[in-house]
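Visitor: Sequence and computational prediction follow.
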Amino acid sequence: MTEQSLKLLHEAYNEALRRSTNVLEICENLYTIVDQEKEFPEEDAGIIDSFLDGLRGCINTRRKTFEVTNVCTYISIVLMYIVLWHNATKNEMIDISWNARRKGLESELTKLLKKSIEEEVSSYIVRDRFGLRAIIWNDDGEENNNAKVYTIYENIVGILAGKSRKARREFITWVEENPRIGVLDKGIILYILKEVPFGVESLKDYVKDKKPNGYQTLQFTLSIQMYSELLPGTQLEVQIRTKKMHEEAEKGKASHETYKEGLGKLSEVFRVENEDFSQLNIPGFTGYQRDQDVDGVHWSKEFFDRRLSSTLVPKD
């Protein structure tokens, strides 16, 4: 991409921010400015078209942010109970945490542009706007913990995506007959299982075949089928990893900070000159990390964080 186009995109984003502090309106204004109000060099036309196509997906998803956030939370609750069921019926104790987050605006726009430039595709789908992450905390050795990663995946595919009728039927019976599961949780679990059809796609096994930078996780997309009455087509990225994999992803060569450093000029396109994002006060989207001050919409926003532990959860 030419320097002129990068400059025009930077100007367009700053203008979109000046027009509104609402995230959805920022996206809509950015689309209008890039599509109608800026003249980009002809050699970058394909990249800009691809970026705009991705931006349409961004707008459509953010129109449903509250709905998707809620459903993502409900799914996380179901996943917690699937592990509880496995522990209870298989006499195991998988110590696991589930975290859910939605991608920050600046991060999403940067990724859209990066993929538009690198892959030169006419349409790029961002599958991780909403993500679920499982971390296995057991100290049973990496080989045993790796096996737990696949166990969790197989249970999700079998029960939530309905690939194992036997496991799904046994889980539903366990939920319905378990007096320790409250009425509200039972309602959520049974609604998600019986009313929302799921598919699993885009499996990437970085556990067996780690990335060159050391990144390891079992990663796949959980999709709500298009014939669903609830949020058809919604996609959630799911990651399952061990404690060791998580530490490498957070602090090692595979860390997100190292990834962002590699973005170079692209990461600067969607930054506000002489401003920091905490000053924008974008309702519902100003992000943060627990150990840092508020630092802008480019941080992912966590909205679910639960952990199962043998010291907290009684055995059946």
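Guide: In hand now; what should we look at? Numbers count the residues shown, from 1 in each chain.
Visitor: and residue 237, which of the three is it?
Guide: strand (DSSP: H, G, I helix; E, B strand; the rest coil).
Visitor: okay, now the closest residue to it other than its chain neighbours: neighbour count?
Guide: Spatial nearest neighbour of residue 237, excluding adjacent residues (Cβ to Cβ, 6 or more residues apart in numbering): residue 128 at 3.8 Å. C-betas here are computed from N, CA, C, even on glycine. Using other Cβ atoms under 10 Å, residue 128 has 20 other residues around it.
Visitor: Show me where the stretch 51-200 of the chain has its helices.
Guide: Secondary structure of the stretch 51-200 of the chain (DSSP state H, counting those that start in this stretch): helices located at 65-90, 105-119, 142-155, 165-177, 183-195.
Visitor: looking at those helices, which is closest to residue 57?
Guide: helix 105-119 (8.5 Å; Cβ to Cβ).
Visitor: hmm, back to that, now the helices of the stretch 51-200 of the chain in CSV, with distance to residue 45?
Guide: Compiled in CSV, the helices of the stretch 51-200 of the chain are given as follows (distance: least, Cβ to Cβ, whole Å):
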stretch, distance to residue 45
helix 65-90, 31
helix 105-119, 11
helix 142-155, 41
helix 165-177, 49
helix 183-195, 43
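Visitor: circling back: what's the per-residue pLDDT of the residue nearest to residue 237 here?
Guide: If you check residue 128, the pLDDT there is 88.
Visitor: ok, now residue 105?
Guide: pLDDT, residue 105: 80.
Visitor: hmm, back to that, now the residue nearest to residue 237, what are its backbone angles?
Guide: According to degrees, to the nearest 10, the main-chain angles of residue 128 amount to phi -110, psi 30.
Visitor: which one of the helices of the stretch 51-200 of the chain has the lowest average pLDDT?
Guide: helix 105-119 (a mean of 81).
Visitor: Now do the buried residues in it.
Guide: 105-117 (16 or more other Cβ atoms under 10 Å).
Visitor: just stretch 158-166 next, same as before
Guide: Buried-residue list, stretch 158-166, by 16+ other Cβ under 10 Å: 158-161.
Visitor: what does stretch 166-177 rub up against?
Guide: With contacts defined as Cβ atoms under 8 Å, 6 or more residues apart in numbering, stretch 166-177 is touched by 81-82, 85, 88-89, 155, 158-159, 162, 181, 186, 189-190, 193.
Visitor: if we go to 7 Å?
Guide: For stretch 166-177, contacts defined as Cβ atoms under 7 Å, 6 or more residues apart in numbering pick out 81-82, 85, 155, 158-159, 162, 181, 186, 189-190, 193.
Visitor: Out of those, who's the most crowded?
Guide: residue 159 (25 neighbours).
Visitor: What lies in contact with stretch 230-241?
Guide: Outside stretch 230-241, the residues within contact range by Cβ under 7 Å, 6+ apart are 64, 67-68, 71-72, 127-128, 130-135, 149, 152-153, 195-196, 216-226, 249.
Visitor: Tell me the span between the first and last residue of it.
Guide: Terminal residues of stretch 230-241 are spaced 29 Å apart (Cα to Cα, to the nearest Å).
Visitor: ok, of the contacts of stretch 166-177, which one's closest to residue 51?
Guide: residue 162 (36.3 Å).
Visitor: dump the residue contacts of the closest one.
Guide: Going by Cβ under 7 Å, 6+ apart, residue 162 touches residue 168.
Visitor: ok, now with 8 Å
Guide: 168, 197-198.
Visitor: Tell me how far it lies from residue 78.
Guide: 13 Å (Cβ to Cβ, to the nearest Å).
Visitor: now swap in residue 173 and tell me
Guide: For residue 173, the distance to residue 78 - Cβ to Cβ - is 15 Å.
Visitor: The two: who's more crowded?
Guide: Using other Cβ under 10 Å as the criterion, residue 173 and residue 78 rank with residue 78 on top: 21 against 11.
Visitor: ok, that one - contacts?
Guide: By Cβ under 8 Å, 6+ apart, residue 78 lies in contact with 160, 188-189, 192-193.
Visitor: with the residues you listed in mind, which one is nearest to residue 205?
Guide: residue 160 (18.8 Å).
Visitor: I figured that closest one was touching residue 79, is that so?
Guide: Yes - applying Cβ atoms under 8 Å, one finds residue 160 in contact with residue 79, separated by 7.5 Å.
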